[in-house]
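Novice: Mind folding the following:
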Amino acid sequence: MSTATVTYFLERYRQPDDYLYLLVDGLAECAPEHPLSVPSLLQSLGEAAVTRVLRPDLAHTPDACPALVQLARPGESPALHHLEWSAQHVSMDSGYHKRYVCGWLLSPQPLEVIASHIAARCHITAAEDGSPSPWFEPLRLELLCAAVAREITWLLCPIRFWLLPLSWGTHSAVRGNDRPVEVLMPTLGRQTQQWAPLISNVLGSWQHLLQSPVGFAPWRWNGDTRLPPQAALHVLRLVRDAYELGLRSHRDIATLCLHQVFIHPLLPQHPEIQALIAKARSGALNLQSHFASHYDEALWKRTFTDLPHAKDYS
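Specialist: Modelled structure (predicted):
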């Protein structure tokens, strides 16, 4: 991400009464000497400009919680170097499981109000098992935007706009709502938070495999972006479909998803693959081991030829 992207976001969406905030994740890597680390920000901006978002599951260890940083008050311009450092860090940590920069936020509300709001929404977005969700993490918020777009505006309120780094190497300006309304999170929204670690692993493996030869791979992504557009949404749909097929092992689900994005999106429609999925569902077979030991390039080519034409990854 470039500094120009953040500058354009501010020029287009920031209102005169908006604060500008930066949200960084305490669980992600950032060297203490980096100017964007929390100790460095406390020194450069002062203690009044930085507060911890006490997410419910980590409130007892504040240093592990996200930090909300006030980069500018209403009517003030942020220091250009803070925009540069944060934009550069987005590009640096794009391949990591945990991304340090969660986004840039615009709101007329003061620091403590926004920090409390982000923490409280961890309960609203709780996963299906009831555990609070760190919904502010870039991938989790991206999944919510894809799955429950109508509810996102209410979820963000009183945050007017959130500049969000996306899984496939670009960004999105997510709009919030000015009027507070109680949010009822649909089942699919909760499922995205339950499946987020698995989806993250699939996206990470997908990105890693694109950096090296993988044999026969007619659906291999060859575009300009790190992953294809809407990569997280594609994987969300593939994971959901795998669950509907009865798979529960994360290794089996990830293996099937990765073969779908490299070999053929409609792979589960093939009779032989269906039989293997049935065995994996019962625990009698490990898809990853079976594909590695029984499927050579010729067999994958035959399987690919047997399947109908597909238009997209999911």
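Novice: can you pull the buried residues of stretch 106-126?
Specialist: 106-109, 111, 114-115, 117-119, 121-122, 124-126 (16 or more other CB atoms under 10 Å). Just so you know, the C-beta spots here come from the backbone N, C-alpha and C atoms, and that holds for glycine as well.
Novice: Now it - C-alpha only, PDB.
Specialist: The C-alpha coordinates for stretch 106-126 follow below in PDB (Å, rounded to 0.1, in the frame of the first residue of the first chain):
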ATOM      1  CA  LEU A 106     -12.400   8.200  10.800                       C
ATOM      2  CA  SER A 107     -14.800   9.200  13.500                       C
ATOM      3  CA  PRO A 108     -16.000  12.300  15.300                       C
ATOM      4  CA  GLN A 109     -15.900  10.400  18.600                       C
ATOM      5  CA  PRO A 110     -12.800  10.700  20.900                       C
ATOM      6  CA  LEU A 111     -10.200   8.000  21.400                       C
ATOM      7  CA  GLU A 112     -11.700   6.200  24.500                       C
ATOM      8  CA  VAL A 113     -15.200   6.000  22.900                       C
ATOM      9  CA  ILE A 114     -13.800   4.300  19.800                       C
ATOM     10  CA  ALA A 115     -11.600   2.000  21.800                       C
ATOM     11  CA  SER A 116     -14.500   0.900  24.000                       C
ATOM     12  CA  HIS A 117     -16.700   0.400  20.900                       C
ATOM     13  CA  ILE A 118     -14.200  -1.900  19.200                       C
ATOM     14  CA  ALA A 119     -13.900  -4.000  22.300                       C
ATOM     15  CA  ALA A 120     -17.600  -4.200  22.900                       C
ATOM     16  CA  ARG A 121     -18.200  -5.400  19.300                       C
ATOM     17  CA  CYS A 122     -16.100  -8.500  20.000                       C
ATOM     18  CA  HIS A 123     -19.200  -9.900  21.800                       C
ATOM     19  CA  ILE A 124     -21.600  -8.900  18.900                       C
ATOM     20  CA  THR A 125     -19.400 -10.800  16.400                       C
ATOM     21  CA  ALA A 126     -18.800 -13.800  18.700                       C
END
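Novice: how far does it sit from the chain's center?
Specialist: 19 Å (CA atoms, centre = their mean, to the nearest Å).
Novice: Distance-wise, check the residue nearest the centre of the chain relative to Cys102.
Specialist: Nearest to the geometric centre of the chain sits Leu139, at 0.7 Å (CA atoms, centre = their mean). According to CB to CB, to the nearest Å, Leu139 and Cys102 sit 10 Å apart.
Novice: ok so, going back, helices or strands up against the helix or strand hosting the residue nearest to the centre of the chain?
Specialist: Element membership for Leu139 (DSSP states H and E) is helix 138-147. For helix 138-147, the packing partners by 3 or more CB pairs under 8 Å, 6 or more residues apart in numbering; DSSP states H and E come out as strand 101-107, helix 149-156, strand 161-165, strand 171-175, helix 187-209, helix 231-244.
Novice: Out of those, flag the one nearest His270.
Specialist: Proximity of the helices and strands packed on helix 138-147 to His270 was assessed by CB to CB; the nearest stretch is helix 231-244, lying at 14.1 Å.
Novice: Would you check that Leu23 makes contact with Tyr100?
Specialist: No. Using CB atoms under 8 Å, Leu23 is not in contact with Tyr100; the gap is 9.9 Å.
Novice: show me the residues around the residue nearest to the centre of the chain that make contact.
Specialist: Going by CB atoms under 8 Å, 6 or more residues apart in numbering, Leu139 touches Arg99, Ser167, Ala196, Ile199, Ser200, Leu203, Ala232.
Novice: where does the residue nearest to Thr7 when sequence neighbours are not counted land on pLDDT?
Specialist: Spatially, and ignoring its direct neighbours in sequence, Thr7 is nearest to Leu83 (6.6 Å; CB to CB, 6 or more residues apart in numbering). Note on Leu83: pLDDT of 95.
Novice: Leu83: which element?
Specialist: Secondary structure from DSSP H and E places Leu83 in helix 80-92.
Novice: what angle sits between that helix and strand 101-107?
Specialist: Counting by axes from the mean of the first three to the mean of the last three CA atoms, to 10 degrees, helix 80-92 lies at 140 degrees to strand 101-107.
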